[in-house]
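> this is the structure alone, sequence omitted:
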């Protein structure tokens, strides 16, 4: 597969450039927000999109689709190809596409079924939604302190998500909320969370070592909910994950939410789920739905690796608006996007 990376002011401009330079057959593999300038300072925020285009070595698969053009399962095979192109494993793509076909046949029992990509994709969304395990949001009751930690790799929006949750519980549910951060590695991380705490008039503590944890939790006072922001950790470095695990053991959180980005590929999400398994997350938050064109990759990884139940999803930077309880329909809405259609060559 031929892979290229594009940067533009927004996602739409990047997609237009991809189609111009690589053609309509190109598939979006990964998106993220970046800043130019020195170390991201004084620079512009841009969208970086990685796209892939199949090369001649993959032509036999296309030819197989052509030979099956008159087959009753041609559309199902095309759907399977589309899933594979956005990172879904062969086995799961096969299972999802076959279940989609079976769903359509069941809906039209005793009638002729007119298969098409739009109708099969609608069936696929129902199939994927049924595989997603959605759990409850954070449970917070007055005068019953609950400690909740957010963990995950760098760049997935943990601090912003902590701020959204804090604002929601403080302003909408009138809970007494305290913030605690152990993210003393990232430049300006403490200042960012402190700014949110000041705006919402919330107590906040900074913890650098496990032995400081209980004292800092007590210093937050009589709060109903403690939200812990953690440093981003690469799932490839077990030693850093172990450091995080030791810190969380000192905090003894009631809930630990693993934060993953909807812009990540299936392979990247799988590495995150495997790398943070020792933390034993109790829930999963999917962020940046507004920054991705398709969610099939990240959802495939969540299903295949049996991720903890989905608790929240976020779809923007606005605090506290752009967060809501997990919603299957919204997660599968952009399932395959618009660039994943595989045309059959004439």
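Structure received. Remember, it's a predicted structure, so these values are computed and weren't measured experimentally.
> from the chain's centroid, how far away is stretch 24-39?
16 Å (Cα atoms, centre = their mean, to the nearest Å).
> pLDDT of that stretch, averaged?
Across stretch 24-39, the average pLDDT comes to 73.
> where are the low-confidence patches of the stretch 101-250 of the chain?
The model of the stretch 101-250 of the chain has pLDDT under 70 over residues 110-113, 187.
> now the helices for it?
Per DSSP state H, counting those that start in this stretch, the stretch 101-250 of the chain carries helices over the ranges 117-131, 158-167, 189-200, 213-219, 238-251.
> among these, which is nearest residue 291?
Distance to residue 291, taken as Cβ to Cβ, is lowest for helix 158-167 among the helices of the stretch 101-250 of the chain, at 12.6 Å. (C-beta placed from N, C-alpha, C; glycine too.)
> tell me which other helices or strands that closest one touches.
Contact here means 3 or more Cβ pairs under 8 Å, 6 or more residues apart in numbering; DSSP states H and E; on that basis helix 158-167 packs against strand 146-151, strand 177-181, helix 189-200, strand 225-229, strand 310-314, strand 323-325.
> just put those in TSV and tack on mean neighbour count.
Conversion of the helices and strands packed on helix 158-167 to TSV gives the following (neighbours: other Cβ atoms under 10 Å):
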stretch	mean neighbour count
strand 146-151	23
strand 177-181	25
helix 189-200	16
strand 225-229	26
strand 310-314	24
strand 323-325	17
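> so which of these comes closest to residue 21?
With respect to residue 21, and counting by Cβ to Cβ, the nearest of the helices and strands packed on helix 158-167 is strand 310-314 at 31.1 Å.
> state the mean pLDDT of the closest one.
With pLDDT averaged residue by residue, strand 310-314 scores 96.
> swap in stretch 275-289?
Per-residue pLDDT values over stretch 275-289 give a mean of 95.
> what residues sit buried inside it?
For stretch 275-289, the neighbour count (16 or more other Cβ atoms under 10 Å) marks 275-276, 279, 281-289 as buried.
> quick one: closest of the helices of the stretch 101-250 of the chain to residue 295.
Shortest distance between residue 295 and the helices of the stretch 101-250 of the chain, using Cβ to Cβ, is found for helix 117-131: 8.8 Å.
> hang on, the earlier thing: and the two most separated of the buried residues of stretch 275-289?
The farthest-apart pair in those, when distances are taken by Cβ to Cβ, is 279 and 289, at 23.4 Å.
> okay, strands next: where are they in the chain?
Counting by DSSP state E, the chain forms strands over residues 2-8, 27-35, 45-53, 146-151, 177-181, 204-206, 225-229, 255-261, 283-287, 310-314, 323-325, given from the N-terminal end onward.
> and of those, who's closest to residue 337?
Between residue 337 and the strands of the chain, the shortest separation by Cβ to Cβ is 6.5 Å, and it involves strand 27-35.
> report the buried residues of the closest one.
Within strand 27-35, the residues that qualify as buried are 27-32, counting by 16+ other Cβ under 10 Å.
> that one vs strand 45-53, what angle?
Taking axes from the mean of the first three to the mean of the last three Cα atoms, to 10 degrees, one finds that strand 27-35 is oriented at 160 degrees with respect to strand 45-53.
> which helices and strands does strand 27-35 pack with?
helix 11-22, strand 45-53.
> quick one, which of those is packed in tightest?
Sort the helices and strands packed on strand 27-35 by mean neighbour count, taking mean count of other Cβ atoms under 10 Å, and strand 45-53 sits at the top with a mean of 19.
> could you single out the nearest of the buried residues of stretch 275-289 to residue 128?
Of all the buried residues of stretch 275-289, the one with the least separation from residue 128 (Cβ to Cβ) is residue 286, at 13.3 Å.
> for the closest one, which non-adjacent residue is spatially closest?
What sits nearest to residue 286 in space, not counting adjacent residues and going by Cβ to Cβ, 6 or more residues apart in numbering, is residue 313, at 4.7 Å.
> surely the one you found meets residue 329?
No: applying Cβ atoms under 8 Å as the test, residue 313 and residue 329 come out as separate, 10.9 Å apart.
> and stretch 222-242, how far apart are its ends?
30 Å (Cα to Cα, to the nearest Å).
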